[in-house]
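> here's a sequence, model it:
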Amino acid sequence: MATQRWIRIALFLALSLTLLSTQPARATGSLGGCAIFPDDNPWNQDISTWPVDPNSDNYIASIGADTNLHPDFGSDPTYGIPYVVVPEDQALVPITYDAYGDESDPGPFPIPLDAPVEAGGDQHVLVVQSGKCMLYELYDARQLVNGWTAESGAKWDLTTNDLRPEGWTSADAAGLPILPGLVRYDEVTAGAIEHALRFTVSKSQSSYLYPARHFASDDDDPNLPPMGLRVRLKADYDISGFTGASRVILEALRKYGMIVADNGSDWFISGENNTAWDDDDLNQLKDVPGSAFEAVQSPPAPAK
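Residues are numbered from 1 along each chain as shown. As a prediction, the model looks like this:
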């Protein structure tokens, strides 16, 4: 009897492992048939139960407890960060760097010469290559006759959790990828954002926390947010009155939070460039104060 019991237990465990291994990956975050990093990637982690950072109150105060959220995207075609998905056989073009080439990935990159460029000063270009599941990002990108020049650039294998080298920037000040932190229209209309969001602060500390790899400040004030700091919407903040896209975004901020990724305006959340956004809907976010958030303790970088 004991032998049969252990056989049944072994069969049950084997079946359970089989079912777990065949569960579909996160669906709402995929682009071009590619998941945007593995489920255990820092961008995709549920932080709703992570401990509050002991310095949370000071971090929030420095960003602005009385300053409200602001969607840094909307229906204006020049507002937000665009991206494009290209096929596996997209032609490679040369990339040259005129500022941070020593911390950038060399080309060539599969970036079309007509790839959309973010309006304004940052001029980001974001490209997902389907088939190979690679992400390419440029900062201050300018199209040349047969390629691109930029201040910095990085590529990311979307099937791994690999980070930039220690101390390296990317197309973002924190040395992080930009695309995984955008509010995307397809995810919002699907009803769920299953990843952290990217946001900016006007003043940051000259340090960074995992998964960031780089800072862009010379201020050592310990109460300023370091690059990579994670904040989340407090569990007791009432979002029952919010609707549509704003409600979806706030639910994501409660579960996945958002990450300090660059210097800019305080509490500005990044989203994709898309004329389909409903600005009246998004404007609900402007009623959420910084005091509704708390900073959480970031885990240490995993040992190599």
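> from now on I want contacts and neighbour counts done on CA atoms only, so please keep to that.
Noted.
> need the pLDDT of Ala301.
Looking at Ala301, its pLDDT reads 85.
> enumerate every residue touching it.
210-211 (C-alpha atoms under 8 Å, 6 or more residues apart in numbering).
> from Arg213, how far out is it?
Distance, Ala301 to Arg213, by C-alpha to C-alpha, to the nearest Å: 10 Å.
> again with Ala65
Separation of Ala65 from Arg213 (C-alpha to C-alpha): 26 Å.
> grab the nearest non-local neighbour of the spatially most central residue of the chain.
Geometric centre of the chain, nearest residue: Gly181, 2.0 Å, by C-alpha atoms, centre = their mean. Distances taken as C-alpha to C-alpha, 6 or more residues apart in numbering place Leu197 nearest to Gly181, at 4.1 Å, with adjacent residues excluded.
> give me the neighbour count for the one you found.
Neighbour count for Leu197, taken as other C-alpha atoms under 10 Å: 28.
> one step back: out of Ala65 and Arg213, which sits in the busier spot?
More crowded of Ala65 and Arg213, by other C-alpha under 10 Å: Arg213, with 22 against 17.
> quick one: the strands in the chain?
If DSSP state E is used as the criterion, the strands of the chain fall at 70-72, 84-86, 95-97, 125-129, 134-139, 142-143, 148-150, 152-157, 197-201, 230-233, 258-263, 268-270, 293-296.
> other SSEs contacting the shortest one?
When you say that, I think you mean strand 142-143. strand 148-150 (3 or more C-alpha pairs under 8 Å, 6 or more residues apart in numbering; DSSP states H and E).
> also the third one?
Other helices and strands packing on strand 95-97, by 3+ C-alpha pairs under 8 Å, 6+ apart, are strand 148-150.
> cool, the last one as well?
Using 3+ C-alpha pairs under 8 Å, 6+ apart as the contact criterion, the secondary-structure elements in contact with strand 293-296 are helix 56-63, strand 230-233.
> and the contacts of that strand?
Against strand 293-296 from outside (C-alpha under 8 Å, 6+ apart): 50-53, 55-57, 59-60, 229-234.
> which residue packs closest to Asp279, ignoring adjacent ones?
That would be Gly74: by C-alpha to C-alpha, 6+ apart, it lies 5.8 Å from Asp279.
> next, count neighbours for that neighbour.
As a burial measure, Gly74 scores 22 neighbours (other C-alpha under 10 Å).
> gap between it and Phe215?
28 Å.
> and for Leu282?
With the distance defined as C-alpha to C-alpha, Leu282 ends up 30 Å from Phe215.
> flag the shaky bits of this protein, pLDDT-wise.
Scanning the chain for pLDDT under 70 picks out 1-28, 304.
> try it again with 80
1-29, 303-304 (pLDDT under 80).
> what distance do you get for Ser204 to Ser75?
Separation of Ser204 from Ser75 (C-alpha to C-alpha): 29 Å.
> neighbour-wise, which of the two wins?
Ser204 (30 against 16).
> picking up where we left off before, wait, which of the strands of the chain is closest to Asp186?
strand 84-86 (13.4 Å; C-alpha to C-alpha).
> what helices or strands is the closest one leaning on?
Judged by 3+ C-alpha pairs under 8 Å, 6+ apart, the packing partners of strand 84-86 are strand 125-129.
> so the strand it packs on versus strand 134-139, what angle?
Taking axes from the mean of the first three to the mean of the last three C-alpha atoms, to 10 degrees, one finds that strand 125-129 is oriented at 170 degrees with respect to strand 134-139.
> list the contacts of strand 125-129.
So strand 125-129 is contacted by 31-32, 82-88, 90, 110-111, 115-118, 134-139, 141, 178-179 (C-alpha under 8 Å, 6+ apart).
> give me the distance from that strand to the chain's centre.
Relative to its chain's centre, strand 125-129 lies at 14 Å (C-alpha atoms, centre = their mean, to the nearest Å).
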